[in-house]
Every structure is written in C-alpha cells, then in structure tokens.
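[1] Whatever this is, show me its structure:
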Amino acid sequence: MGYGNYSHAAHTALIADRAARPGAEVFTQRSTHPLMNPQGLKVRESRDNADHPNSLGIAFALDVTGSMGDIPQILARRELPTFMKLLTDCGVADPQLLFMAIGDANSDHAPLQVGQFESTANLMDQWLTWSYLEGGGGGTGEESYELAFYVMAQHTDMDCWVKRRKRGYLFVTGDELPYPAVSRHQIEGLIGEKLDEDIPIEEVIAAAAETTHLFFLIPDAQRRRRCEGRWRELLGDHVICMDSPDDACAVAAGIVALTEKAVPSLEALAGVMSATGMEKERVGGVLHALDAYAALLDPGAPRHAPPSVAAAAGGARSSWWKRLFG
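    Next comes the predicted model:
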C-alpha cells in the first residue's frame with residue numbers, strides 16, 4: 001500500500017469542519033471496523049512506487065482506552081496535517097502512515113485494530129477515523145501495548161527495510177504499563193495464529209526493533225509517574241515524556257526528522273516549527289520533550305536542564321523559550 005500523493009491543503013480542508021463537532025461524529029465506529037479486524041491478518045505493506053520511490057513506513061499505535069482517547073481526537077480534529085507538514089518541511093521523503101488502535105485484551109472487545117500504510121490525506125484520515133475508540137481498559141495499570149510490537153515484528157513488510165536497511169518507525173501512545181508477555185491465547189483469539197508459548201515483552205520488543213525504531217509517547221508529566229520507569233527499562237531514551245498530548249504529532253515528526261538527519265539539531269527543528277507558525281510556547285514544549293533523545297543521537301550537543309530542574313525554575317517550556325528565543 002502507499003500509493004498516491006499527499007496534499008497538505010487537502011488534508012487541512014478535510015478536517016476543517018471537525019473542531020466543533022462532537023467526538024462521536026468524528027469517530028463513528030461502535031465496534032471494530034471489518035477492515036481493521038486483525039483476525040486472519042497477514043501482512044501490512046509499505047512499498048516503494050512511482051510516487052514514493054523512497055518509502056518510509058511510520059506506524060502510530062494509539063491507546064484508545066478511557067484515559068487516552070484525547071490523542072486520537074486531537075489527531076483527527078487538528079494535528080495529523082501538522083505531522084505531515086513538519087516531515088515535508090524538514091525534507092523527510094515519502095512517509096507512509098499506518099494506524100493501530102490498542103486496548104486491553106483481558107477486558108476489551110476490540111483490543112487490537114490494524115489499518116494499512118497510506119500516503120494520501122483521505123486514506124490516512126479514513127483509517128484513523130475508522131478506529132473504534134472503545135474507551136475501556138482493565139483498571140489493572142496495564143494495557144496490551146505488546147500487541148503493537150508483535151504486529152510490527154510479525155505482520156509488516158516495509159521496503160525501507162527490505163531494500164535499504166532503513167528502519168521504519170512505531171510510535172505507541174500510552175499512560176500505563178505493558179503486560180509482561182504476548183499471550184499465545186490472545187494471539188490465537190485475535191489474529192488466529194498459534195504460538196508455542198507466550199513471548200516475553202523484552203523479546204517481542206527486540207524482534208520489532210530489528211526493522212523499526214520504537215518509541216513510547218507519554219502524554220504529560222502527571223501520567224508519566226505511573227509508567228515511565230518500566231518503559232525506560234524496556235526502551236531507554238526512546239521513552240518520550242511530553243508536556244501535553246497536543247504535542248504528539250510534532251514530537252513524532254521531530255523524532256523522525258532528527259533520526260533521519262533531515263535536520264541537524266533541535267535548534268534547526270525549532271526553526272522549521274516556527275516557520276510553520278507554531279507558537280513559541282509549543283515549540284519549547286516539543287523541544288523539551290525531545291532533549292534526551294536528541295542527546296542520544298548527538299552526545300556532544302549542548303544539553304538542556306533536566307525536566308525536574310526546568311520545572312522548579314518556572315516551567316519546562318519557559319526555559320526552552322529563553323534558550324532559543326531570548
């Protein structure tokens with residue numbers, strides 16, 4: 001999949017009338033859409049083609065449980081065009097987007113939904129808004145995020161990796177812990193394939209990481225307290241603690257641009273974001289979220305104060321404004 005050209009103007013027009021509409025009119029599914037049902041799932045393909053000769057597979061696995069439904073709404077109402085524009089303005093070629101929806105396989109009716117890799121505004125939006133925002137979750141402090149890593153490891157085929165040994169990207173949004181293993185019983189029930197045994201979370205992450213850069217995006221400082229430690233054990237500085245769920249698209253685009261070396265530094269990324277008209281406060285928040293990861297890519301780059309220090313000094317965002325904008 002992934003044919004057709006992206007138009008930012010068309011994408012912006014597509015979502016222009018949604019800001020004031022109730023969420024139920026944007027996400028209309030009341031059960032899993034048949035085309036996102038993972039039963040019998042074979043492979044989701046991100047392919048080079050005449051329109052996109054250097055395709056780059058990028059997947060968003062969105063937590064759609066009760067505490068996390070704000071991010072899908074933000075993407076569909078406002079921010080997905082921001083993601084695509086930032087990638088384009090940074091010079092990232094031929095992104096192809098796939099959406100998954102993640103819930104709790106121990107309690108929800110639709111804990112795994114899987115779209116297709118797409119390149120056009122209409123089709124990206126289609127798969128996003130076909131997601132069923134079940135709003136469940138089991139209340140145990142865990143959600144079935146491990147299913148997203150399993151899908152990336154076992155059920156995607158991306159030309160960026162196959163042809164060029166360039167890894168794709170997976171951005172998981174969430175505010176809970178993962179379960180300790182991929183359950184063989186859940187995989188059989190949801191996808192219909194038999195595993196000999198459960199797969200520890202560490203092993204499925206390692207398998208997915210062979211072809212994909214993996215990131216876990218935590219929406220805000222309040223929610224990081226209950227899950228950050230465990231995720232850092234699993235993903236290190238690929239755990240990104242944001243200042244606001246509104247920043248998810250800009251943060252993800254920044255990660256891709258920095259990793260692909262489409263921009264050389266956080267300061268250069270700030271320039272691109274500012275040129276799009278993004279407010280200084282928001283630019284500061286995005287850069288603050290990306291500071292540790294940017295340092296991982298370039299250990300010699302100057303570091304910003306740790307989040308706790310920045311917050312004590314008057315807010316995480318404000319210290320970035322002073323550094324970059326005076």
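[2] For R77, which non-adjacent residue is spatially closest?
    Using CB to CB, 6 or more residues apart in numbering and skipping residues adjacent in sequence, the residue nearest R77 is R18, 4.6 Å away. Every residue, glycine included, has its C-beta placed from N, CA and C.
[3] Let me fix that, I meant to ask about F27.
    L133 is the one closest to F27 (CB to CB, 6+ apart), at 4.9 Å.
[4] I figured the one you found was touching P72, is that so?
    Yes - when contacts are counted by CB atoms under 8 Å, L133 is listed as touching P72 (6.0 Å).
[5] who touches both of those two?
    Counting by CB atoms under 8 Å, 6 or more residues apart in numbering, the shared contacts of L133 and P72 are F27, V64, A101.
[6] which residues in the stretch 151-300 of the chain form strands?
    156-158, 168-173, 177-178, 181-182, 199-200, 212-218, 239-241 (DSSP state E, counting those that start in this stretch).
[7] quick one: strands adjacent to the third one?
    Think strand 177-178. strand 142-143 (parallel) (DSSP bridges).
[8] relative orientation of the longest helix along the chain and strand 212-218 in degrees?
    Using DSSP state H to define each element, the chain has its longest helix at helix 280-297. Helix 280-297 and strand 212-218 are oriented at 140 degrees to each other (axes from the mean of the first three to the mean of the last three CA atoms, to 10 degrees).
[9] buried set for helix 280-297?
    Buried residues in helix 280-297, counted by 16 or more other CB atoms under 10 Å: 280, 282-295.
[10] Nearest to A250 among these?
    V286 (4.7 Å; CB to CB).
[11] Wait, the closest one touches A250, no?
    Yes - with contact defined as CB under 8 Å, V286 and A250 form a contacting pair (4.7 Å).
[12] Skipping its backbone neighbours, what lies nearest R230 in space?
    L177 (5.2 Å).
[13] can you list the domain ranges for the protein.
    Here the domain parsing of the chain from automatic domain parsing is 8-262, 264-326.
[14] the helices in the stretch 151-300 of the chain, which residues?
    Remark: helices assigned in the stretch 151-300 of the chain by DSSP state H, counting those that start in this stretch are 159-164, 184-190, 201-209, 221-224, 228-235, 248-259, 266-275, 280-297.
[15] Return the most buried member of those.
    Among the helices of the stretch 151-300 of the chain, ranked by average contacts under mean count of other CB atoms under 10 Å, first place goes to helix 248-259 (a mean of 24).
[16] now that helix against helix 266-275, angle please.
    Using the same axes, to 10 degrees: helix 248-259 against helix 266-275 is 140 degrees.
[17] Mind giving me the packing neighbours of helix 248-259?
    In terms of contacts (3 or more CB pairs under 8 Å, 6 or more residues apart in numbering; DSSP states H and E), helix 248-259 is packed against strand 56-63, helix 70-74, helix 80-90, strand 168-173, strand 212-218, helix 266-275, helix 280-297.
[18] Tell me the helices and strands packed up against the fourth one.
    Which is strand 168-173. Counting by 3+ CB pairs under 8 Å, 6+ apart, strand 168-173 packs on strand 56-63, helix 146-154, strand 212-218, helix 248-259.
[19] again, only using 6 Å
    Secondary-structure packing of strand 168-173 (3 or more CB pairs under 6 Å, 6 or more residues apart in numbering; DSSP states H and E): strand 56-63, strand 212-218.
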